[in-house]
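Chemist: need a structure here:
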Amino acid sequence: MNSESDDGQVRGPALPLRPYVLASSADLAAERAVGADEDVHFTASLARSVIEDLTVAGDRVLDPFAGFGTTLRVATELGRSAVGVELLPERCTVARAAAPSATVVEGDARGLDRLVSGPFDLVLTSPPYRTERDHPADPLSAYARDRGDYPTYLRELTGVVAACVDLLADGGHVVLNVANIAAHQGFTPLAWDLGRAVTSVARVVQDVPVCWDALPHDLASDHLIVLARS
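Modeler: Alright, predicted model coming up:
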């Protein structure tokens with residue numbers, strides 16, 4: 001039987017997360033951290049929607065691509081315990097300031113199993129993006145090196161997701177905020193490609209559209225891919 005929540009959205013018994021999330025370009029502009037470029041589009045309201053739906057107070061939340069600390073800040077504000085991994089030291093500093101009670105580990109998410117210890121009730125992250133063509137810089141090295149290609153990127157990112165799934169508590173979820181991209185005079189179905197790739201390491205239980213009032217830079221559509229153990 002479906003039920004209506006406090007926010008007016010109808011949920012079915014098999015769907016852990018609300019069926020859509022609203023996002024505001026004004027919120028995005030107001031929240032953008034100093035040093036963040038226009039490709040950063042992960043908002044506090046988005047994080048709050050996921051954390052409220054999929055965790056309770058006292059649960060542990062992990063963000064393996066912590067960035068400027070949005071997930072960590074919202075999680076701690078909601079009474080969750082938060083851990084983040086971030087490759088860039090300057091962003092670690094920003095994330096620690098944003099969420100002083102969170103744990104922020106400087107390191108490469110591709111070595112996640114050596115950096116953090118589970119279990120976590122929720123992994124929520126927005127990984128760095130790569131287009132299918134005309135994009136030599138490697139997102140997983142903070143775009144600092146030209147290496148690999150789109151299939152390599154998908155394979156390595158799937159490895160990070162596999163490590164996240166291994167760190168889940170029973171009944172936990174991994175949620176990926178990932179978009180399809182319209183850039184470099186072409187279309188990259190990144191959300192669909194990554195969603196397909198991670199079925200090798202997890203079970204996709206929901207695809208939640210992020211409904212923007214005005215789509216951010218280079219986005220064709222925005223998604224929350226909800227995963228559980230296979």
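Chemist: residue ranges with poor pLDDT in the protein?
Modeler: Counting by pLDDT under 70, the ranges of the chain that qualify are 1-13, 36-39, 184.
Chemist: Tell me where it has helices.
Modeler: 25-31, 44-54, 70-77, 89-98, 112-115, 150-166, 190-197 (DSSP state H).
Chemist: Pull the distance from the fifth one to the chain's centre.
Modeler: Centre-to-centre, helix 112-115 and its host chain are 18 Å apart (C-alpha atoms, centre = their mean, to the nearest Å).
Chemist: Show me what counts as buried in it.
Modeler: Buried residues in helix 112-115, defined by neighbour count with 16 or more other C-beta atoms under 10 Å: 112, 115. In short, each C-beta sits where N, CA and C put it, glycine included.
Chemist: Show me what that helix is packed against.
Modeler: Helix 112-115 makes packing contacts with helix 150-166 when contacts are defined by 3 or more C-beta pairs under 8 Å, 6 or more residues apart in numbering; DSSP states H and E.
Chemist: Mind giving me the packing neighbours of the helix it packs on?
Modeler: Under the contact rule (3+ C-beta pairs under 8 Å, 6+ apart), helix 150-166 is packed against helix 112-115, strand 120-125, strand 168-183, helix 190-197.
Chemist: Can you say which of the ones you listed is packed in most?
Modeler: Most buried of these, by mean neighbour count (mean count of other C-beta atoms under 10 Å): strand 120-125, with a mean of 26.
Chemist: From the rest of the structure, what touches that strand?
Modeler: 47, 50-51, 54-55, 59-66, 71, 75, 80, 83, 164, 167-169, 171-177 (C-beta atoms under 8 Å, 6 or more residues apart in numbering).
Chemist: 6 Å instead?
Modeler: 50, 54-55, 59-65, 71, 164, 167, 169, 172-175 (C-beta atoms under 6 Å, 6 or more residues apart in numbering).
Chemist: Next: stretch 16-35.
Modeler: Defining contact as C-beta under 6 Å, 6+ apart, one finds that stretch 16-35 is touched by 9, 41, 43-46, 49, 53-54, 68, 94, 206, 208-214, 226.
Chemist: about what we covered before: for the contacts of strand 120-125, which PyMOL command selects only the ones that are buried?
Modeler: In PyMOL, this line selects whichever of those come out buried by 16+ other C-beta under 10 Å:
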select buried, resi 50+54+55+59+60+61+62+63+64+65+71+164+167+172+173+174+175
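Chemist: Dump the helices of the chain into TSV; add distance to P16 as well.
Modeler: As requested, the helices of the chain are exported to TSV (distance: least, C-beta to C-beta, whole Å):
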stretch	distance to P16
helix 25-31	24
helix 44-54	6
helix 70-77	17
helix 89-98	26
helix 112-115	23
helix 150-166	15
helix 190-197	16
